[in-house]
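> Below is the sequence, then the predicted model.
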Amino acid sequence: MLDDAEKVRKGTPYGLTPPIFVGEIGEKTVAFLPRHDVHHDIPPHRVNYRANIFALHTMGVKRIIATNAVGAINPEFKSGDLVVPHDLIDFTKLRPNTFYDDAPVTHIDVCEPYCPEMRLILIKAAEKKGRKVFGRAVFVCTEGPRLETPAEIQMFGRLGCDIVGMTGMPEAVLARELEMCYATVCFVTNLAAGLEKHLTASEFMKMAKKTAPVLQQVLRETVMHLPEKRQCPCVHALRESRFRG
């Protein structure tokens, strides 16, 4: 996707990141960070989310467009569909999920977990490419690396969840804590447990490879249409979020 990309590694107080590829899309400088590493060697529960987000922040990144492979809980969603979620539920258990473990105590607002400005641009980009895209959905993030049980999927469905994945959190919240914009475009690889009789990682990868060219087009289109100045709440996320003694 990137023109003449340069590969860099970044050390952070939270550890080392995977290689980050820095290049151009149009006239914009873009950094691509493969959260699972280049060869998909890092499982979702071992991704160093804090190091990744902090590294991008120190590089001057203001906006993060994530991608997620997800299972469909909502029966209207089918394999190959694109989804731009508007809300999320966090069912992860063991992941460090904040940069603010010490004073000042910081309570970040997540009334809109995903940047509303970028969500609209992602949706328009997908529609422009002629893809079926759902512009509203609740994403539930689970710990992994195992897949969910049918009973868990039934529970998530009753809670109002539409899609399920393992890498949506704590990325969204960590980005907000650093006043970075964050949105994701998800691609449905399968129906969730209980909606399909059998699930395999190889089937997920086949659908991911099939969807990749379209996803790249949507990402490029989105980057090209991002305005220079951010007009969203993410810019001032830390305003009035801290207790002062």
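Good, I have the coordinates.

> For the rest of this, base every contact and every neighbour count on C-alpha atoms.
OK.

> mind saving the C-alpha coords of stretch 155-166 as PDB?
Only the C-alpha atoms of stretch 155-166 are listed here, as PDB (Å, rounded to 0.1, in the frame of the first residue of the first chain):
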ATOM      1  CA  MET A 155     -24.800 -14.000  25.600                       C
ATOM      2  CA  PHE A 156     -23.100 -11.400  23.400                       C
ATOM      3  CA  GLY A 157     -26.100 -11.300  21.100                       C
ATOM      4  CA  ARG A 158     -28.400 -10.700  24.000                       C
ATOM      5  CA  LEU A 159     -26.100  -7.800  25.100                       C
ATOM      6  CA  GLY A 160     -26.600  -6.200  21.600                       C
ATOM      7  CA  CYS A 161     -23.200  -7.200  20.100                       C
ATOM      8  CA  ASP A 162     -23.100  -7.500  16.300                       C
ATOM      9  CA  ILE A 163     -19.500  -8.700  15.700                       C
ATOM     10  CA  VAL A 164     -16.800 -10.400  17.700                       C
ATOM     11  CA  GLY A 165     -13.000 -10.200  17.500                       C
ATOM     12  CA  MET A 166      -9.800 -10.300  19.600                       C
END
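
> Could you measure from residue 124 over to residue 84?
Remark: distance between residue 124 and residue 84 (C-alpha to C-alpha, to the nearest Å) = 11 Å.

> whoops, residue 23 was the one
Distance from residue 23 to residue 84, by C-alpha to C-alpha: 25 Å.

> Please identify which of the two sits among more neighbours.
Per other C-alpha atoms under 10 Å, whichever of residue 23 and residue 84 has more neighbours is residue 84, with 26 against 19.

> residue boundaries of the helices in this structure?
49-58, 116-128, 150-158, 171-177, 201-224 (DSSP state H).

> Comparing those helices, which comes out most buried?
Most buried of those by mean neighbour count (mean count of other C-alpha atoms under 10 Å) is helix 171-177; its value is a mean of 24.

> At the geometric centre of the chain, which residue do we find?
residue 66 (3.7 Å; C-alpha atoms, centre = their mean).

> Just confirm that one contacts residue 181, I think it does.
No - at 10.6 Å, residue 66 does not count as touching residue 181 under the criterion of C-alpha atoms under 8 Å.

> what residue ranges in this protein score low on pLDDT?
194-201, 204, 245 (pLDDT under 70).

> mind listing what residue 94 touches?
By C-alpha atoms under 8 Å, 6 or more residues apart in numbering, the residues touching residue 94 are 45, 143.

> Residue 66 versus that one, what's the distance?
21 Å.

> And for residue 142?
17 Å.

> out of everything not next to it in sequence, what's closest to residue 11?
residue 17 (6.6 Å; C-alpha to C-alpha, 6 or more residues apart in numbering).

> meant to ask about residue 106
Going by C-alpha to C-alpha, 6+ apart, residue 106 has residue 242 as its nearest residue, at 4.5 Å.

> who touches that neighbour in this structure?
Contacts of residue 242 (C-alpha under 8 Å, 6+ apart): 104, 105, 106, 107.

> Highest neighbour count among the residues you listed?
Going by other C-alpha under 10 Å, residue 106 tops the contacts of residue 242 with 18 neighbours.

> I'd guessed that one sits against residue 243; true?
Yes - shown here, residue 106 and residue 243 form a contact pair, counting by C-alpha under 8 Å, at 6.6 Å.

> what are the ranges of the strands in this protein?
3-8, 11-12, 15-16, 20-25, 28-32, 63-72, 82-83, 87-91, 133-134, 138-142, 163-165, 181-191 (DSSP state E).
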